[in-house]
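S.K.: here's my sequence, what's the structure:
(chains A and B)
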Amino acid sequence: MKEVVLECYGEACPIPLVKAQKKIEELDAGDILIVQIDHSCAMKNLPEWARKDGHNVEVDEIDDGEWEVIIEKVV
Amino acid sequence: MDLKKNEYYLTVFKNPWTYVKGAVLLSIFQIVSFAATVNPWGVSGAFAYWGAWIFELFGGNVDKWYYFSNSATLDAGFINSASSLRNVGVIFGALLATLLASQFRIKKLKSWRQVIAAMLGGLLMGYGARIASGCNIGALFSGISSLSLSGWVYALFILLGAFVGGKLLTKFFM
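M.R.: Here you go, the predicted model:
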């Protein structure tokens, strides 16, 4: 079971989403992808995409305007 | 009671609203804006005047420029330009929203490549918006909402442009 951190601070939409979509393809089921973002619209479109794809998602606000989107790959 | 966990605070200020809620509010407020200013909502047109006013501040003269020929807006100045004041309102409104959500943050620059891309992109968008006589608000949003065919033509080509732009973005920025 792997845990991969994808640092996307300072990246605007849709770059964090596209990077996360590419990254998750390299992972196996059960692996965790943590996407670090500071762009509020990524906080909306990342979980939306991941949930639609059937993964488990949790959003953690780690600081003012800074989030970690934690995605557990399911399939 | 902890305000940060209050459900009304979370619903109204903290959590992102749905796209539908945003769309309905935008529609209502553009009608209010139309009624109050007698012109459809536009954003980028005012920036051309901002440029002209700054240019004049440094002794420049745009009287001979075709774009500004016969323009009452130019002579009336910033304080009488409803569109300019509305743009300032948008900026302060956005600041207020991010402060109320406790999400304000000054972001660090990722790379010089990002800075140059942002400036180039801004220039192209500004130039395109003026050549097209409107941006995605003045030409697209206000065009479609006033039942003009031009808004739909704009929509078709902005989708094509966004498609090509998206391909370029994934090719050069990933």
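S.K.: what segments of chain A are strands?
M.R.: A:3-7, A:32-37, A:56-63, A:66-72 (DSSP state E).
S.K.: the ones you listed: which one's closest to residue B:21?
M.R.: strand A:56-63 (19.3 Å; Cβ to Cβ). All C-beta spots, glycine's among them, are computed from the backbone N, C-alpha and C.
S.K.: C-alpha coordinates for that closest one, PDB please?
M.R.: Listed next in PDB are the C-alpha coordinates belonging to strand A:56-63 (Å, rounded to 0.1, in the frame of the first residue of the first chain):
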ATOM      1  CA  ASN A  56     -12.800   7.400  -1.500                       C
ATOM      2  CA  VAL A  57     -12.200  11.100  -0.900                       C
ATOM      3  CA  GLU A  58     -11.500  13.200   2.200                       C
ATOM      4  CA  VAL A  59     -10.700  17.000   2.200                       C
ATOM      5  CA  ASP A  60      -8.500  18.300   5.000                       C
ATOM      6  CA  GLU A  61      -8.100  22.100   5.500                       C
ATOM      7  CA  ILE A  62      -4.600  22.200   6.800                       C
ATOM      8  CA  ASP A  63      -4.300  26.000   6.900                       C
END
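S.K.: that strand - contacts with which helices or strands?
M.R.: Contacts defined by 3 or more Cβ pairs under 8 Å, 6 or more residues apart in numbering or on different chains; DSSP states H and E place strand A:56-63 against helix A:42-52, strand A:66-72.
S.K.: need the ones you listed in JSON lines with distance to chain B, mean neighbour count and mean pLDDT, can you?
M.R.: Compiled in JSON lines, those are given as follows (distance: least, Cβ to the nearest Cβ, whole Å; neighbours: other Cβ atoms under 10 Å in any protein chain shown; pLDDT from 0 to 100):
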{"stretch": "helix A:42-52", "distance to chain B": "5", "mean neighbour count": "18", "mean pLDDT": "93"}
{"stretch": "strand A:66-72", "distance to chain B": "7", "mean neighbour count": "20", "mean pLDDT": "95"}
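S.K.: residue furthest from the geometric center of chain A?
M.R.: No residue in chain A sits farther from the centre than residue A:64, which is 17.8 Å out by Cα atoms, centre = their mean.
S.K.: contacts only, for that residue.
M.R.: Listed by Cβ atoms under 8 Å, 6 or more residues apart in numbering or on different chains, the contact set of residue A:64 reads B:102-105.
S.K.: just residue B:56 next, same as before
M.R.: residue B:62 are the contacts of residue B:56 under Cβ under 8 Å, 6+ apart.
S.K.: what does the average pLDDT come to for the one helix or strand it maps to?
M.R.: Secondary structure assignment for residue B:56, by DSSP states H and E: helix B:44-57. In this model, helix B:44-57 has a mean pLDDT of 94.
S.K.: now find how far off-centre that helix is within its chain.
M.R.: 15 Å (Cα atoms, centre = their mean, to the nearest Å).
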